[in-house]
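A.B. asks: Quick one: sequence and predicted model below, then my questions.
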Amino acid sequence: MLDGQKVSFSGVQPSGNLTIGNYLGAIKNFAEYSEKYKTFYGVVDEHAITVRQNPAELRRRTYETLALYIAVGLDPEKNTLYVQSHVPAHAELAWILNCYCMFGELSRMTQFKDKSARHADNINAGLFTYPVLMASDILLYQTDVVPIGSDQKQHVELTRNIADRFNQIFPDTFTVPEPVIPKSGGRIMSLAEPEKKMSKSDENENATVRVLDDRDTIIRKFRRAVTDSGSEIRRSPDKPGVSNLITIYSCFTGKTPEEVEAEFDGRGYAEFKTAVGEACADALAPVREKYFELLADKGYLEEVMKKGAGTAAYYARKTLSKVRRKIGFVNL
Ligand code: TRP
């Protein structure tokens, strides 16, 4: 809680082009909190550098991610939208929390295991302690809820453990946050290999649909989506491809999966896949339009960054100064 209001916090890395998995699984839900919660949404550039980035691209994507936040409906007047590295308290608290997080806990993080396998030439210490930086992001704002995709659940569980441990030693320091994962949409699968999560870093472009893909590309990718044997359009563990498309269609149209099954009863895969593509393209068209308009105005995006960093730093400093006092650092 901050100022008597519940807090929602989440972050998106400015790396790679966001997919409809990121959108349906997380970002689309951020806006739901704007009315009732105090909301903080970060462009987490410090997380991004745990894998090698091209500097010019990182900078460009930082603007792009912020523009996308606004384009999907986050009003900068109602949400604190900011860039993580503009608020030094994140890195400071991360150092402190590193000393309250165990090596063994971090060794069990599945994302670390996956990423270190994928980037075997660069298993740096930052990649290992990345979840502690994420815990700092969340705990700095006394966060109540963290809307995320299911792949980040383990990191929020770790955040809760760190908060509990710290609060045991120094009572009433941090709010212990809850992860919120959308019931459907929390796990959008690859269109090419529907057993795997859709990933923005997938090298096969047909596996992912990007939020900013144009209409024809979106429809083409859905037409090529892998479906399963048989011809029925219904959800089933042995039909991962079709089940995934039903989830996507349902998220974009607001229909329940049962309604989708009824709508396409007796119709073929080809017709269904085209319908999913069109629904997705229709839903994303206004986002794309707004996004390109925003990107053309860097001055405006920088104003949003500045204002967001100011607000975020104000609240972050309060928590950080409490932490410093509790652990015995001299506050001047
Ligand atoms: N680790 C998250 C991801 O890769 C991004 C992130 C960083 C985040 N800090 C966060 C998400 C705090 C939620 C809360 O997707």
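C.D. replies: Looks like it came in fine.

A.B. asks: what's near enough to touch the closest residue to residue 178 other than its chain neighbours?
C.D. replies: On the basis of CB to CB, 6 or more residues apart in numbering, the spatially nearest residue to residue 178 that is not a chain neighbour turns out to be residue 145, at 5.5 Å. Just so you know, the C-beta spots here come from the backbone N, C-alpha and C atoms, and that holds for glycine as well. Shown in contact with residue 145 (CB atoms under 8 Å, 6 or more residues apart in numbering): 6, 7, 8, 9, 33, 37, 177, 178, 179, 180.

A.B. asks: Next one, pLDDT for the closest residue to the ligand within the stretch 1-150 of the chain please.
C.D. replies: Nearest to the ligand in the stretch 1-150 of the chain, going by CB to the nearest ligand atom, is residue 11, at a distance of 3.3 Å. pLDDT, residue 11: 96.

A.B. asks: do residue 332 as well
C.D. replies: We have a pLDDT of 88 for residue 332.

A.B. asks: burial of the residue of the stretch 1-150 of the chain closest to the ligand, as a residue count?
C.D. replies: Look at residue 11: counted by other CB atoms under 10 Å, it has 24 neighbours.

A.B. asks: returning to that earlier point: could you tell me which of the contacts of residue 145 count as buried?
C.D. replies: Neighbour counting with 16 or more other CB atoms under 10 Å marks 6, 7, 8, 9, 33, 37, 177, 179, 180 as buried within the contacts of residue 145.

A.B. asks: Need the residues you listed in CSV (columns: distance to residue 316 and secondary structure).
C.D. replies: Listed next are these as CSV, based on distance: CB to CB, whole Å; DSSP: H, G, I helix; E, B strand; the rest coil:
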residue, distance to residue 316, secondary structure
6, 17, coil
7, 12, strand
8, 16, strand
9, 11, strand
33, 19, helix
37, 17, coil
177, 15, coil
179, 21, strand
180, 22, strand
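
A.B. asks: Keep only those that also lie close to the ligand.
C.D. replies: Among these, the ones lying near the ligand by CB under 6 Å from any ligand atom are residue 9.

A.B. asks: so which one among the buried ones among the contacts of residue 145 has the lowest pLDDT?
C.D. replies: Taking the buried ones among the contacts of residue 145 together, the minimum pLDDT is found at residue 33 (91).

A.B. asks: how near is the nearest residue to it once chain neighbours are set aside to residue 31?
C.D. replies: The shortest distance from residue 33 to any non-neighbouring residue, by CB to CB, 6+ apart, is to residue 8 (3.9 Å). Separation of residue 8 from residue 31 (CB to CB, to the nearest Å) stands at 10 Å.

A.B. asks: go on, residue 180?
C.D. replies: For residue 180, the distance to residue 31 - CB to CB - is 13 Å.

A.B. asks: what's the answer for residue 108, then?
C.D. replies: Distance, residue 108 to residue 31, by CB to CB: 33 Å.

A.B. asks: mind listing the strands for this structure?
C.D. replies: Here the chain has its strands, by DSSP state E, at 7-12, 38-43, 80-83, 145-147, 178-180.

A.B. asks: Looking at these, which is nearest to residue 206?
C.D. replies: Of all the strands of the chain, strand 7-12 sits nearest to residue 206, with 23.4 Å by CB to CB.

A.B. asks: any residues touching that closest one, and which ones?
C.D. replies: 1, 18, 22, 26-27, 30, 33, 37-44, 47, 65, 69, 84, 134, 137-138, 141-148, 175, 177.

A.B. asks: Which of the residues you listed are buried? Put it as a ChimeraX command.
C.D. replies: The following ChimeraX line selects those of the contacts of strand 7-12 that are buried, judged by 16+ other CB under 10 Å:
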select :18,22,26,27,30,33,37,38,39,40,41,42,43,44,47,65,69,84,134,137,138,141,142,143,144,145,146,147,148,175,177
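
A.B. asks: so can I have a markdown table of the buried ones among the contacts of residue 145 showing distance to residue 219?
C.D. replies: As requested, the buried ones among the contacts of residue 145 are arranged in a markdown table below (distance: CB to CB, whole Å):
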| residue | distance to residue 219 |
| --- | --- |
| 6 | 40 |
| 7 | 39 |
| 8 | 34 |
| 9 | 35 |
| 33 | 32 |
| 37 | 36 |
| 177 | 39 |
| 179 | 34 |
| 180 | 31 |
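
A.B. asks: before we move on, back to that, comparing residue 108 and residue 31, which shows the higher neighbour count?
C.D. replies: More crowded of residue 108 and residue 31, by other CB under 10 Å: residue 31, with 18 against 11.

A.B. asks: wait, the more buried one sits on residue 69?
C.D. replies: No - in this structure residue 31 lies outside contact range of residue 69 using CB atoms under 8 Å: 9.4 Å.

A.B. asks: Near residue 299, how many residues? Count them for me, please.
C.D. replies: Neighbour tally, residue 299, other CB under 10 Å: 6.

A.B. asks: roughly how far apart are it and residue 92?
C.D. replies: Residue 299 is 30 Å from residue 92, where distance means CB to CB.

A.B. asks: Other residues contacting the worst-scoring helix or strand of the chain on mean pLDDT?
C.D. replies: Ranked by mean pLDDT, DSSP states H and E, the weakest helix or strand in the chain is helix 28-30, scoring a mean of 87. Residues outside helix 28-30 that contact it (CB under 8 Å, 6+ apart): 8, 10, 39, 41, 69, 72, 74, 79, 147, 180, 182, 185, 251.
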